[in-house]
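Colleague: Whatever this is, show me its structure:
(4 chains)
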2 protein chains.
Amino acid sequence: MWGEQGRLAAMSPRIEESPRPVYQQLADSLRAKITAGELAPGEQVPTEKALAEEFGASRATIRQGLMVLVNEGLIVASRPRGYFVRRHERCYFRPQAEWEEQPASPEMDRWMTEQTTLGRTPSQRINVEIIQPPDRVADRLALNPGDLVVVRRRVRYLNEEPFNINDTFYPFELVQGSEIVNPADIARGASEVLAELGYEQVRAIDEIEARMPLPDEAARLELGVGMPVAVHRNTGFTRDDKPVRHTVNVLVGSKHVILFERRKPQGATGNE
Amino acid sequence: MWGEQGRLAAMSPRIEESPRPVYQQLADSLRAKITAGELAPGEQVPTEKALAEEFGASRATIRQGLMVLVNEGLIVASRPRGYFVRRHERCYFRPQAEWEEQPASPEMDRWMTEQTTLGRTPSQRINVEIIQPPDRVADRLALNPGDLVVVRRRVRYLNEEPFNINDTFYPFELVQGSEIVNPADIARGASEVLAELGYEQVRAIDEIEARMPLPDEAARLELGVGMPVAVHRNTGFTRDDKPVRHTVNVLVGSKHVILFERRKPQGATGNE
DNA sequence: CACCCCACATTGTCTAGTCAATCAGGACCA
DNA sequence: TGGTCCTGATTGACTAGACAATGTGGGGTG
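Modeller: Modelled structure (predicted):
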């Protein structure tokens, strides 16, 4: 009971300020079991009722503790079956792959190819819009106020589970009338189409940030609480430094590792 | 009251399944105000009591709604002053900077230099340990079981606020007896010392993932709930592909953007 | 004027209950 | 056998309270 908790606090030898609240103790206890592997991924966590008895606390307090773990992404609640330890399996996301010397796949784009070879079943949904760009996009594409963009929006699935969001923006006047405005998969890649139009990309800037998803992102990715996303923004430039493409990838944090490889430039001294 | 909620649900024209729970409505309402700028960063959110009256709900329900926003990183509670809209300002983190052709700073390492030039006051805490490496590190450094590593652990601060954790691991047998084992700042950079020892790095692999912080990371970075981190792992290789250094950066998500720049390799065809 | 202390408003922790929603599995029936 | 319905266990949403902890600001004191 609550009173008991209060009394214990008063009697304890005051190690380090105040005693940890019950709900934190619960979270710590379960977290330890999970990280130690005592509770394996997919396994069921004891029910609220069982924990309430074990910790001698009310259900609300137990729930508060379980919420901590849910928000940390360690467990998920599946009503009315109970709480389960979350499964994690990440796969690599390689922005550099777009310029690697391998033939493009005839049907799907390169991301898909990489996935299929791993024995998974990828799919995607494409839709195309012509819109006024969000500020961030307008900035990266160096557009003037009022300029329009074509955006190809994709949600990619792996084994029926939403995996990431991929929105690519092109200045409207560049791609007007081309295949890019068509909401179908482009076998040879949208960037190849862009190159055919005279805008070959030779340089790119990648920006990566970690944050919690916005509500609409959470909905599109079917994310529960406690699942951060990695946002990867990629801007492609032509030889004369004109930005012609801006891609926003929203990656489910627990499912991706972003990978880069770098070489020391010839003649560089290095200073770290 | 609760009964009222139930009745409303029964009477409503059943748009799209069930009505949104009160605490979600609260979260949605405040989130909209925040993203619209109606509630500016740093500004105070109405108190629990005020919101309870406004929404005709109990304090527990209001708290549940506020917790959603706390976990999304949109607001922070500062007892007993109230809830405030969180401030966000990011700065760039550029792994590639280590190999750029600029002179190393004489006193601080390059990260610090970049910060000071922006008119902030950086500081760091270094400590050095010799330990058995965690599995992930042992794997990346291709160590044998039982091999030891030297780890230089740093917490970096900006304006007294913890900013990121930077742990760099070196195979013990490579750096034994060198400056690297010394828990002081190395003016010319630890990698330069490594180069002097005959292990110049010419290639690096970067891995980036987004997740919620572990409890000890949260403690070291003084993170509240709802703040994801970006984990940046960097492995450095010598000319003969021997891994000689592994760095783990834990970056507070809301404070960093990781930046890369790439060029299309000469002769590459491009296939996306 | 400066300083200290206390009251107050606010969030943090917790209890003990109610009713709703949902899924699994068993009982029942054709 | 196979489908249908119902029951029970479990989480989701919510109420109405209680006492604890803690900055802030105002009032009193030296």
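
Colleague: Does A:Ser29 belong to a helix, a strand or coil?
Modeller: helix (DSSP: H, G, I helix; E, B strand; the rest coil).

Colleague: Where does the prediction get shaky in chain A?
Modeller: Under the criterion pLDDT under 70, the flagged ranges of chain A are A:1-18, A:101-122, A:159-160, A:267-272.

Colleague: now the helices for it?
Modeller: Secondary structure of chain A (DSSP state H): helices located at A:2-11, A:22-35, A:48-55, A:59-71, A:110-116, A:135-140, A:172-175, A:190-196, A:215-220.

Colleague: nearest to B:Pro95, of those?
Modeller: Ranking those by proximity to B:Pro95 (CB to CB) places helix A:135-140 first, at 20.3 Å. Quick note: C-beta positions are derived from backbone N, CA and C, even for glycine.

Colleague: Contacts for the closest one, please.
Modeller: Outside helix A:135-140, the residues within contact range by CB atoms under 8 Å, 6 or more residues apart in numbering or on different chains are A:143, A:145, A:147, A:149, A:169, A:233, A:235, A:243, A:246, A:248.

Colleague: So in terms of bridging, what pairs with the fifth one?
Modeller: Here A:Phe169 sits in beta bridges with A:Val151, A:His246, as judged by DSSP bridges.

Colleague: How much space separates it from DNA strand C?
Modeller: Applying CB to the nearest atom of the strand, to the nearest Å, the value for A:Phe169 to DNA strand C is 37 Å.

Colleague: and if you look at the third one?
Modeller: According to CB to the nearest atom of the strand, A:Asp147 stands 44 Å off from DNA strand C.

Colleague: ok, now A:Ser78?
Modeller: A:Ser78 is 7 Å from DNA strand C, by CB to the nearest atom of the strand.

Colleague: How about A:Val128?
Modeller: For A:Val128, the distance to DNA strand C - CB to the nearest atom of the strand - is 34 Å.

Colleague: cool, and A:Glu179?
Modeller: 42 Å.

Colleague: still on that earlier bit, quick one, which of the contacts of helix A:135-140 are buried?
Modeller: A:143, A:149, A:169, A:233, A:235, A:243, A:246, A:248 (16 or more other CB atoms under 10 Å in any protein chain shown).

Colleague: Show me those that map onto strands.
Modeller: Mapping the buried ones among the contacts of helix A:135-140 onto strands (DSSP state E) picks out A:149, A:169, A:233, A:235, A:243, A:246, A:248.

Colleague: Distance to DNA strand D added to those, as a markdown table?
Modeller: Formatted as a markdown table, these follow (distance: CB to the nearest atom of the strand, whole Å):
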| residue | distance to DNA strand D |
| --- | --- |
| A:Val149 | 37 |
| A:Phe169 | 35 |
| A:Arg233 | 33 |
| A:Thr235 | 39 |
| A:Pro243 | 43 |
| A:His246 | 37 |
| A:Val248 | 30 |
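
Colleague: roughly how far apart are A:Arg239 and DNA strand C?
Modeller: 54 Å.

Colleague: what do you get for A:Arg263?
Modeller: For A:Arg263, the distance to DNA strand C - CB to the nearest atom of the strand - is 48 Å.

Colleague: bridging residues for the residue nearest to that residue when sequence neighbours are not counted?
Modeller: Of all residues not flanking A:Arg263 in the chain, B:Arg203 sits nearest, at 5.2 Å (CB to CB, 6 or more residues apart in numbering or on different chains). Taking DSSP bridges as the rule, B:Arg203 bridges to A:Arg263, B:Phe237.

Colleague: Output the set of residues of the stretch 51-200 of chain A in proximity to DNA strand D.
Modeller: By CB under 7 Å from any atom of the strand, the residues of the stretch 51-200 of chain A that approach DNA strand D are A:59-60, A:63, A:77, A:79-83.

Colleague: 10 Å instead?
Modeller: A:51-52, A:58-60, A:62-63, A:66-67, A:70, A:75-84 (CB under 10 Å from any atom of the strand).

Colleague: Show me the domain layout of chain A.
Modeller: Under the assignment automatic domain parsing, the domains of chain A span A:2-85, A:91-258.

Colleague: Format those as TSV; extra columns: distance to B:Leu259.
Modeller: Formatted as TSV, those follow (distance: least, CB to CB, whole Å):
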stretch	distance to B:Leu259
domain A:2-85	26
domain A:91-258	6
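
Colleague: Of those domains, flag the one that's most buried.
Modeller: domain A:91-258 (a mean of 17; mean count of other CB atoms under 10 Å in any protein chain shown).

Colleague: chain center to that one, what's the gap?
Modeller: Counting by CA atoms, centre = their mean, to the nearest Å, domain A:91-258 is centred 13 Å from the centre of its parent chain.

Colleague: so who does A:Gln25 touch?
Modeller: Per CB under 8 Å, 6+ apart, neighbours of A:Gln25: A:55, A:65.

Colleague: repeat for A:Gly146
Modeller: Here A:Gly146 is in contact with A:Gln132 (CB under 8 Å, 6+ apart).

Colleague: Between the domains of chain A, which one is closest to B:Gln44.
Modeller: domain A:91-258 (21.5 Å).

Colleague: Between the two ends of that closest one, how far is it?
Modeller: Distance across domain A:91-258, first residue to last, is 9 Å (CA to CA, to the nearest Å).

Colleague: What of stretch A:191-204?
Modeller: 12 Å.

Colleague: what sits up against that stretch?
Modeller: Residues from elsewhere that reach stretch A:191-204 (CB under 8 Å, 6+ apart): A:95, A:98, A:104, A:170, A:174-175, A:178-180, A:186, A:234-239, A:241-242, A:244-245, B:261-264, B:270-272.

Colleague: Let me know whether A:Arg245 touches A:Asp167 as I believe.
Modeller: No: contact between A:Arg245 and A:Asp167 fails when scored by CB atoms under 8 Å: they sit 11.3 Å apart.

Colleague: tell me, what's touching these two both at once?
Modeller: Shared contacts of A:Arg245 and A:Asp167, defined by CB under 8 Å, 6+ apart, are absent.

Colleague: Can you tell me, leaving aside adjacent residues, what's nearest to the residue of the stretch 151-272 of chain A found nearest DNA strand D?
Modeller: Residue nearest to DNA strand D within the stretch 151-272 of chain A: A:Gly224 (9.1 Å; CB to the nearest atom of the strand). What sits nearest to A:Gly224 in space, not counting adjacent residues and going by CB to CB, 6+ apart, is A:Val76, at 6.0 Å.

Colleague: For the residue in the stretch 51-200 of chain A positioned nearest to DNA strand D, list the residues it contacts.
Modeller: Across the stretch 51-200 of chain A, no residue is closer to DNA strand D than A:Pro80, which sits at 2.6 Å (CB to the nearest atom of the strand). Applying CB under 8 Å, 6+ apart to A:Pro80 gives no contacts.

Colleague: Now it, what are its backbone angles?
Modeller: phi -100, psi 40 (degrees, to the nearest 10).

Colleague: I'd like the helices of chain A laid out as JSON lines, including distance to B:Ala219.
Modeller: Formatted as JSON lines, the helices of chain A follow (distance: least, CB to CB, whole Å):
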{"stretch": "helix A:2-11", "distance to B:Ala219": "22"}
{"stretch": "helix A:22-35", "distance to B:Ala219": "12"}
{"stretch": "helix A:48-55", "distance to B:Ala219": "23"}
{"stretch": "helix A:59-71", "distance to B:Ala219": "14"}
{"stretch": "helix A:110-116", "distance to B:Ala219": "37"}
{"stretch": "helix A:135-140", "distance to B:Ala219": "33"}
{"stretch": "helix A:172-175", "distance to B:Ala219": "49"}
{"stretch": "helix A:190-196", "distance to B:Ala219": "45"}
{"stretch": "helix A:215-220", "distance to B:Ala219": "27"}
